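S.K.: have a look; sequence and predicted model below, questions after that.
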There are 2 protein chains.
Amino acid sequence: MKTVRTIAELRAELGNARAAGARSVGFVPTMGALHRGHLSLVDASHAENDVVVLSIFVNPTQFTEASDLAAYPRQEAADAALAEEAGVDLIFAPSAAEMYPAGFATTVRVTGPLTETLEGAGRGDAHFDGMATVVSKLLLAVQPDAAYFGQKDAQQLLVVQRMVADLGIPARIVACPTARDSDGLALSSRNVRLSAAERERALGIPRALERVAAQLAAGEHGVSELRNTAVDVLAAAGIEPEYLAFVSPTDLTPVTVVTDAVLCAVAARVGEVRLIDNAVLNPATAGEKE
Amino acid sequence: MKTVRTIAELRAELGNARAAGARSVGFVPTMGALHRGHLSLVDASHAENDVVVLSIFVNPTQFTEASDLAAYPRQEAADAALAEEAGVDLIFAPSAAEMYPAGFATTVRVTGPLTETLEGAGRGDAHFDGMATVVSKLLLAVQPDAAYFGQKDAQQLLVVQRMVADLGIPARIVACPTARDSDGLALSSRNVRLSAAERERALGIPRALERVAAQLAAGEHGVSELRNTAVDVLAAAGIEPEYLAFVSPTDLTPVTVVTDAVLCAVAARVGEVRLIDNAVLNPATAGEKE
């Protein structure tokens, strides 16, 4: 495994790999602080491609809070060891100056409900502008056959899919299931910042999603009822959500009665740490109450 | 020569061409109504590449006046004949629905003086947003080795160069000199809308640029003096410029004393027709007055 820091080196390495017979390149973009969730993306990429590129770049432009950027864990040596063990062939770990040289002035922006709701409402326009811009730049740098994103960041995935389709960036975007710890907590690089007590409380989030899924499966299709259930479970864990949304899993428009798949998405602070989680839920197909 | 209307067909044709041994693809993006200016871009592309793709797409999102969009000349059959004669191999002439299918929500935006001044000030943000978005989409569709743009749209060229560098779109951007009629008028698809009398008046624009160049060569480096000259020449032709700018040819920041190359750019309406023209001028290197 090799680590490169410039787009020129990256392209040279990938050009060599393709010249040596690699038929496809898979790409896993990350902000480092790798955990089993990232490694599941590497596994998916490994299964489908000859070469796996993993990027590590804590993208300053998608952070809307300086404190969150400063606190974001950075552990490149540990990440490299994990990546190598998981079968990554090439790490691309550019500096901010490589990605945004002096005079940089371009933004890729996705407009509408995909970016204005949920994380967009909570974190401001700049978050998705920064994310879409860096992902398009990374996709154009790596030129992968496929790129792997986690369903945990469901809205990010939708924004990337929209942007890639709209601009015609020639890469397949692959959605991978959210990886969870055995207690149900969605894996996140931010979890390391939770105290033991906070982590215990944070389990209210997956528990709320599970209870909603169970209630839906039992035939409750009304979103206000489902929402009340989730709010109660979260409150019992001392969590007041920043948002708790029941929306279309394709365009994030609000749902009031669940007749088709619905995305239930939550963001909440537990202590100082902002966590997100979600589940795509399907209504019961038999024995519903209406 | 073949004409294709979808990105899928375009990629299939270019894939075949590359498989058949074409080593490089040159690309000339146009809005049709081809004239000798466009054909000079085709010539440049032809000289450097095995395959030449020309796109014809009157991009609605870069027009900020509905009347200008409606009046923009459309003559695809004539364009195809001219293109074929000039050696174009493939015309890409998509519909608006092909470029902007339902749900399209992505904008590529270049911010700062490159887009906020001159044409950006006169035509509004939407013009360069629309242009940068469609050019990035076209470049990603064609994936050319090089793309050819006219110096006549000097600001457009700078915005494209910035956007391509910033996002790392893997295409070389080639600037080609402004083509002019024998009377000096810069070639433009809009010229056909000028009456004979308007066309005579429009010659004030290249005449102003020539007079400024001569005065600069004679040692006058003060922009206010140079501007007065240009304003007088334009006024003599009954033209009041929308802007008459002396700016850096690399970042469009204003120049007050010409010590290095300067871009003199003009926009003006002659009758109903909005014309632009420019010249990159160099100060005299000997015998200047200071």
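M.R.: Okay, I see it. Fair warning: this is a prediction, and the values are worked out from it, not measured in the lab.
S.K.: any residues touching the helix or strand where residue A:80 lies, and which ones?
M.R.: Assigned by DSSP states H and E, residue A:80 belongs to helix A:76-86. Residues outside helix A:76-86 that contact it (CB atoms under 8 Å, 6 or more residues apart in numbering or on different chains): A:1, A:3, A:30, A:32-34, A:38-39, A:42-43, A:46, A:54, A:56, A:91, A:93. For every residue, glycine as well, the C-beta is placed using N, CA and C.
S.K.: just checking, what packs against the next helix or strand after it?
M.R.: Sequence order places strand A:90-92 as the next helix or strand after helix A:76-86, per DSSP H and E. Applying 3 or more CB pairs under 8 Å, 6 or more residues apart in numbering or on different chains; DSSP states H and E, one finds that strand A:90-92 contacts strand A:2-4, helix A:7-19, strand A:51-56, helix A:76-86, helix A:125-142.
S.K.: follow-up on the earlier one: looking at the contacts of helix A:76-86, which has the most residues close by?
M.R.: Highest neighbour count within the contacts of helix A:76-86: residue A:54, with 33 neighbours (other CB atoms under 10 Å in any protein chain shown).
S.K.: need the residues of the stretch 151-290 of chain A near chain B, please.
M.R.: Proximity of the stretch 151-290 of chain A to chain B, by CB under 8 Å from any CB of the partner chain, involves residues A:162, A:163, A:166, A:167, A:168, A:169, A:170, A:251.
S.K.: same thing but 7 Å
M.R.: Taking CB under 7 Å from any CB of the partner chain, the part of the stretch 151-290 of chain A that reaches chain B is made up of A:162, A:163, A:166, A:167, A:168, A:169, A:170.
S.K.: got the residues you listed as TSV, with secondary structure columns?
M.R.: Listed next are those as TSV, based on DSSP: H, G, I helix; E, B strand; the rest coil:
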residue	secondary structure
A:162	helix
A:163	helix
A:166	helix
A:167	helix
A:168	coil
A:169	coil
A:170	coil
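S.K.: and which of the residues you listed is nearest chain B?
M.R.: Set against chain B, the nearest of those by CB to the nearest CB is residue A:166 (3.6 Å).
S.K.: name the nearest residue to that closest one, sequence neighbours excluded.
M.R.: Closest residue to residue A:166 apart from its sequence neighbours, by CB to CB, 6 or more residues apart in numbering or on different chains: residue B:106 at 3.6 Å.
S.K.: contacting residues for the one you found?
M.R.: By CB atoms under 7 Å, 6 or more residues apart in numbering or on different chains, the contact set of residue B:106 is A:108, A:110, A:162, A:163, A:166, A:167, B:133.
S.K.: what's around the third one, how many residues?
M.R.: Residue A:162: 23 surrounding residues under other CB under 10 Å.
S.K.: ok, it touching residue A:112?
M.R.: No - in this structure residue A:162 lies outside contact range of residue A:112 using CB atoms under 7 Å: 8.7 Å.
S.K.: wasn't residue A:27 part of a strand?
M.R.: Yes - assessed by three-state DSSP, residue A:27 belongs to a strand.
S.K.: what's the overlap in contacts for residue A:162 and residue A:112?
M.R.: Listed as contacting both residue A:162 and residue A:112 by CB under 7 Å, 6+ apart are residue B:105.
S.K.: shouldn't residue A:160 be in contact with residue A:149?
M.R.: Yes - using CB under 7 Å, residue A:160 is in contact with residue A:149, at 6.0 Å.
S.K.: so for these two, which sits in the more crowded spot?
M.R.: Ranked by neighbour count (other CB under 10 Å), residue A:160 and residue A:149 place residue A:160 first, with 25 against 21.
S.K.: mind checking how far that one is from chain B?
M.R.: Going from residue A:160 to chain B by CB to the nearest CB, to the nearest Å gives 11 Å.
S.K.: next: residue A:109.
M.R.: Distance from residue A:109 to chain B, by CB to the nearest CB: 5 Å.
S.K.: next up, the contacts around that residue.
M.R.: By CB under 7 Å, 6+ apart, the residues touching residue A:109 are A:129, A:132, B:107, B:109.
S.K.: could the residues you listed be laid out in JSON lines, adding distance to residue B:227 and pLDDT?
M.R.: Formatted as JSON lines, these follow (distance: CB to CB, whole Å; pLDDT from 0 to 100):
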{"residue": "A:129", "distance to residue B:227": "38", "pLDDT": "97"}
{"residue": "A:132", "distance to residue B:227": "41", "pLDDT": "98"}
{"residue": "B:107", "distance to residue B:227": "34", "pLDDT": "98"}
{"residue": "B:109", "distance to residue B:227": "30", "pLDDT": "97"}
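S.K.: before we move on, back to that, nearest to chain B among the contacts of helix A:76-86?
M.R.: residue A:93 (16.2 Å).
S.K.: thought residue A:2 was touching the closest one, still the case?
M.R.: No - with contacts counted by CB under 7 Å, residue A:93 stays clear of residue A:2, the gap being 10.8 Å.
S.K.: so what pairs up with the residue nearest to residue A:166 in the strands?
M.R.: Going by DSSP bridges, residue B:106 is paired in beta bridges with residue A:110.
S.K.: my guess is residue A:175 contacts residue A:157. True?
M.R.: Yes - under the criterion of CB under 7 Å, residue A:175 makes contact with residue A:157 at 5.5 Å.
S.K.: list the buried residues for stretch A:99-106?
M.R.: Residues A:99, A:100, A:104, A:105, A:106 are the ones in stretch A:99-106 that count as buried (16 or more other CB atoms under 10 Å in any protein chain shown).
S.K.: how far away is the last one from residue B:271?
M.R.: So the one you mean is residue A:106. Residue A:106 sits 36 Å away from residue B:271, going by CB to CB, to the nearest Å.
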